[in-house]
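1. okay, predicted coordinates and the sequence, questions at the end:
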Amino acid sequence: MKKVFALIGSRQKKGNTITFVKNITKQLSNEEFQVEYVFPQDYDIKPCVGCSKCFTNCKCVNKDDIELLQQKILESDILIIASPVYLHYFTGDLKLILDKLAWWAHTFRLQGKPVVVLSTCSCNAFTSVIKPLSSIISYMGGNVIATANASYFPNQINNSKWLSEVSQEIAKRISKYVNLPPQSNKDIEKLFPSSKYMVMLQSDTKSTVGVEPCEYNFWRDSGMLEYNSFEEYLQSIGR
């Protein structure tokens, strides 16, 4: 059974964003896929206090549910991340969650996991969620396999033909990629060399300032430091 984890940026459990997501997931076989939908209010996530200790500890110092949420994401075979547009951006709730995962953006922590990025909006904010979220996912090492926005004007979210066609196409991609090894892409490959260079600068952090360089340790222990591209690394571990 493959696990699909749908992280919804909206608190509306019967709103347009979850409607869009469920139109996609209902196309997936119940015998092959297990889907979990998560909303911001389902977890106790405290605000980031800017202490930067997650970059040295690779975990948040606040006692909340972020590690449980991290585990859910990492254990999934497919991640769907979706948000309505709030003030030409994704929601503050979703931003809070991503803030608490900041060290993932330095370590490609998603390790080539297939990710679907979705948004819903009222009119002209078609890229306000898709573009920034896709960039963040790439920094985190996620392979964005599909993106889509459902607007209210034109009324795509209530257009059964449009919704069916888009949902079926995304479901097909999910069914394809879930059975493939984790993949890199051109966006991740652009990020890999500079990220590797920056993390290598941390190698003597413990000896100079007495702080354990957890991001460097993750790169070293995972084996990523030995490769010049993320694609070569994924191929070497045979995932």
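-> Thanks, I have the structure now.
2. C-alpha only now, for contacts and for neighbours.
-> OK.
3. how about the residue nearest to residue 10 when sequence neighbours are not counted, secondary structure?
-> In space, and not counting its chain neighbours, residue 10 is closest to residue 83: 6.0 Å by Cα to Cα, 6 or more residues apart in numbering. Here residue 83 is recorded as strand under DSSP: H, G, I helix; E, B strand; the rest coil.
4. over to residue 7?
-> What three-state DSSP gives for residue 7 is strand.
5. these two touch, right, it and residue 81?
-> Yes. Using Cα atoms under 8 Å, residue 7 is in contact with residue 81, at 4.8 Å.
6. now the helix of greatest length in the chain: buried residues?
-> Determined from DSSP state H, the single longest helix within the chain is helix 160-177. By neighbour count on 16 or more other Cα atoms under 10 Å, the buried set for helix 160-177 is 163, 166-168, 170-171, 174-175, 177.
7. could you do stretch 189-196 as well?
-> Buried residues in stretch 189-196, counted by 16+ other Cα under 10 Å: 189, 191-192, 196.
8. who touches that stretch?
-> Applying Cα atoms under 8 Å, 6 or more residues apart in numbering, the set of residues contacting stretch 189-196 from outside is 106-107, 139, 225, 228-231.
9. over to stretch 89-96?
-> Stretch 89-96 has contacts (Cα under 8 Å, 6+ apart) with 8-10, 40, 45, 47-48, 83-85, 128-129.
10. now the helices for this structure?
-> Using DSSP H, helices in the chain cover 16-25, 54-57, 66-75, 92-99, 130-139, 160-177, 186-200, 205-209, 214-222, 230-237.
11. which stretch in those helices has the least confidence?
-> Mean pLDDT is lowest for helix 205-209 among the helices of the chain, at a mean of 56.
12. need the helices of the chain in TSV (columns: distance to residue 147).
-> Putting those into TSV (distance: least, Cα to Cα, whole Å) gives the following:
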stretch	distance to residue 147
helix 16-25	12
helix 54-57	29
helix 66-75	18
helix 92-99	17
helix 130-139	7
helix 160-177	8
helix 186-200	14
helix 205-209	39
helix 214-222	29
helix 230-237	22
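13. so who does residue 39 touch?
-> So residue 39 contacts 7-11, 13 (Cα under 8 Å, 6+ apart).
14. closest to residue 184 among the residues you listed?
-> Comparing these against residue 184 with Cα to Cα places residue 7 closest, at 21.7 Å.
15. which residues does that closest one contact?
-> Neighbour list for residue 7: 37-39, 79-82 [criterion: Cα under 8 Å, 6+ apart].
16. I am finished for the moment; much appreciated.
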